[in-house]
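> Sharing a model that was predicted from the sequence below.
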Amino acid sequence: MTGQAAGFEELRDLYQEVILDHGRKPRNQFRMEVFDASARGDNPMCGDRVELFLALENGQISKASFLGRGCAISQASASLLTELVPGLTPEEARAMGARLREMAKTGARDDSTPALARLSALSGVHEFPSRVKCATLAWHALDAALDGSKEASSE
Amino acid sequence: MDAIPARLDVARLRQDFPILSTQVRGKPLVFLDSGASAQKPRAVIEAMTRCMETAYANVHRGAYHLSEVATANFEAAREAAQRFLGAATPEEIVFTRNSTEAFNLVAHSFGRALLKRGQVVLVSEMEHHANLVPWQMLRDAGLGIGLRFIRVTDAGELDLEDYARHLAQSDVGLVSVTHMSNVLGTVTPAARIARMAHEAGARVMFDGSQAAVHRAVDVRAIDADFYAFTGHKLYGPTGIGVLYGKRELLDAMPPFQGGGDMIETVTLEHSTWAAPPARFEPGTPAIIEAAGLLAAIEYVNAIGMEAIEAHERALVEHASATLAQVPGLTLLGRAQDRGGVFAFSLDVAHPHDLSTFLDRRGICVRAGRHCAEPLHARFGLEGGTSRASFGLYTTPEEIDALAEALAAARKFFA
């Protein structure tokens, strides 16, 4: 059984409890009736999909929600996004997305703020090159929504 | 046919495939993605090296000994493919890059020149994109050629009544369907499909990419007009595929692409076409890959396609029983006649998550929609499935390892 446990340990770097939790019970998963920005992100290779809705108020993102289907990583990342970006300006939200892409590339956590520490749960994809796109999909959709375009692709 | 095929000595055969003794993350490789591309036996690897080391020159061009040897070897591969498919003559064998190119060739050449305005191409809902997208392009080319779809039953079989209804409309010019689904494993009744097509005045093409690997194929017994398969799924190299076409059809078809080696005479203004198969093979062909394909065909012939089929039938039986025991697992398709391809979904895990989990145990399966998006939509599985597919080297123990890992994955993700 040690072999099996070891296998699980390794996978826990990718599937940290926060990821599994958000994957199983995504937060803010609904279609926003009134929104200021929206975009859909598609990963054509695997069919992962995230449709993101943003409400803006006084130059800040006031609310975020999403609809989606796909793997635990892509859905957990979208769910985390909807919790982390409210209260941020569009520029701050984009910067957070850039931090995530950086973490996915290097595997290094960023515990400099509580929000980035939570986002760092996704840094484990670094070890799984084919899964990086899953983690960044929602954040590509965020950029597209803020750019005013309708679609983003993680390709 | 009465003789019981000898059981495969799989343990010995596995030694022919160098990659099967490698490890993934310290665990023995359990390769269950042969349906996407099969592993290569040493005979294939060595044949390609030998071609380059001892018999390499361009073919059909040189009047020197080495080129003549290279040409003879290249044509020997064509003859091997001819016998492998039961074709009447080697001229009926066209080398392509893969099955996809074979479909593009037929769509472009036969489709544009020999189908008539108002006629339709009939494909099924379970086609690989290779046997769908070229026909969509033909339909959209402004030639008045239509495209319709034969339904697939809930069991994952071709709906033959729906097929008959389409044929009864008397506008079908070509039927192009798979001989074995790359998702459902369903083997289609090719001879019956061909007979029905011919009775309705239509031509028929089969996608043999999967079937030709798992069963003995006889294009004349089926009475196929066209039949395509690809080398890399048959334990051969990438970059070479085969299109079989009946001689009278190939003779009547214009070229697909222009270039050297496919012409009879060329002036600055015009060219006349060489006879098939050269007409369809412009430019320097896949010479080294042809050597590999020849070795691959000789390899499976030496084992015997009947023996391979019997081994895979046993694996299918074992997998059907074993996977059915995995809690939360749903198998896609339950055709009566099926080969060693199993698509499935697990209730608590997305195919991608599952694939990552299995990979950590050295188990390779495919995740996604397997180039068959419409089929996944047909079964309401837009998010895709996982797919395990077998080869002649697959063992029951590997299927057991998969089932065990799936049960563990369910605990992990639930």
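Ah, there it is. Numbering: from 1, shown residues only, chains lettered A, B, ... in the order given.
> Close to chain A: what parts of the stretch 251-400 of chain B are there?
Applying Cβ under 8 Å from any Cβ of the partner chain, we find that the stretch 251-400 of chain B lies next to chain A at B:349-353, B:356-357, B:360-361, B:367-369, B:376, B:382-384. All C-beta atoms are positioned from the backbone trio N, CA, C, and that covers glycine.
> Top of those by number of neighbours, please.
Most neighbours among those, by other Cβ atoms under 10 Å in any protein chain shown: residue B:353, with 29 neighbours.
> can you count the residues close to residue B:325?
When neighbours are counted by other Cβ under 10 Å, residue B:325 registers 10.
> Return the distance of the residue in chain A positioned nearest to chain B relative to residue B:255.
Relative to chain B, the nearest point of chain A is residue A:71 (3.9 Å; Cβ to the nearest Cβ). Shown here: residue A:71 relative to residue B:255, a distance of 45 Å by Cβ to Cβ, to the nearest Å.
> Also residue A:78?
From residue A:78 over to residue B:255 the distance is 50 Å, taken as Cβ to Cβ.
> do the same with residue A:65
Residue A:65 sits 55 Å away from residue B:255, going by Cβ to Cβ.
> can you check residue B:389 too?
Distance of residue B:389 to residue B:255, computed by Cβ to Cβ: 35 Å.
> Now the phi/psi pair for the residue of chain A closest to chain B, please.
Main-chain torsions, residue A:71, degrees, to the nearest 10: phi -80, psi 170.
> That one against residue A:48, yeah?
Yes. With contact defined as Cβ atoms under 8 Å, residue A:71 reaches residue A:48; the gap is 6.2 Å.
> Residues that sit against both of those two, list them.
Residues touching both residue A:71 and residue A:48 (Cβ atoms under 8 Å, 6 or more residues apart in numbering or on different chains): A:134, B:352.
> check contacts around residue A:52.
For residue A:52, counting by Cβ under 8 Å, 6+ apart, the contacting residues are A:38-41, A:64-66, A:78, A:81, A:138, A:141-142, A:145.
> In strands, which of those fall?
Per DSSP state E, strands hold the following members of the contacts of residue A:52: A:38-41, A:64-66.
> Which residue would you name as the spatial centre of chain B?
For chain B, the residue nearest the mean C-alpha position is residue B:209 (0.6 Å; Cα atoms, centre = their mean).
> likewise chain A?
Note: chain A centre (Cα atoms, centre = their mean) maps to residue A:77, 2.6 Å.
> For that one, give me the pLDDT.
pLDDT for residue A:77: 96.
> The one 5 residues further on now?
What the model reports as pLDDT for residue A:82 is 97.
> Just the residues contacting stretch B:405-414, thanks.
A:4, A:8, A:11, A:15, A:20, A:72, B:323, B:326-329, B:346-349, B:353-354, B:357-358, B:361, B:363.
> I'd say residue B:172 and residue B:204 touch.
No. Using Cβ under 8 Å as the test, residue B:172 is too far from residue B:204 to be in contact (9.7 Å).
> any residues in contact with both of those two?
With Cβ under 8 Å, 6+ apart as the test, residue B:172 and residue B:204 both reach residue B:197.
> follow-up on the earlier one: which among the contacts of stretch B:405-414 end up buried?
A:11, A:15, A:20, A:72, B:323, B:326, B:329, B:346, B:348-349, B:353-354, B:357-358, B:361, B:363 (16 or more other Cβ atoms under 10 Å in any protein chain shown).
> Which residues of chain A lie near chain B?
A:4, A:7-8, A:10-11, A:14-15, A:20, A:23, A:45-48, A:69-73, A:128, A:130-131, A:134.
> Give me the more crowded residue out of residue A:71 and residue B:255.
Neighbour count, other Cβ under 10 Å: between residue A:71 and residue B:255, residue A:71 has more, with 28 against 21.
> For the more buried one, which residues are in contact?
A:23, A:46, A:48, A:131, A:134, B:350-353.
> Run through the helices of chain A in chain order.
Under the criterion DSSP state H, chain A contains helices at A:2-14, A:17-24, A:72-84, A:90-106, A:114-119, A:132-147.
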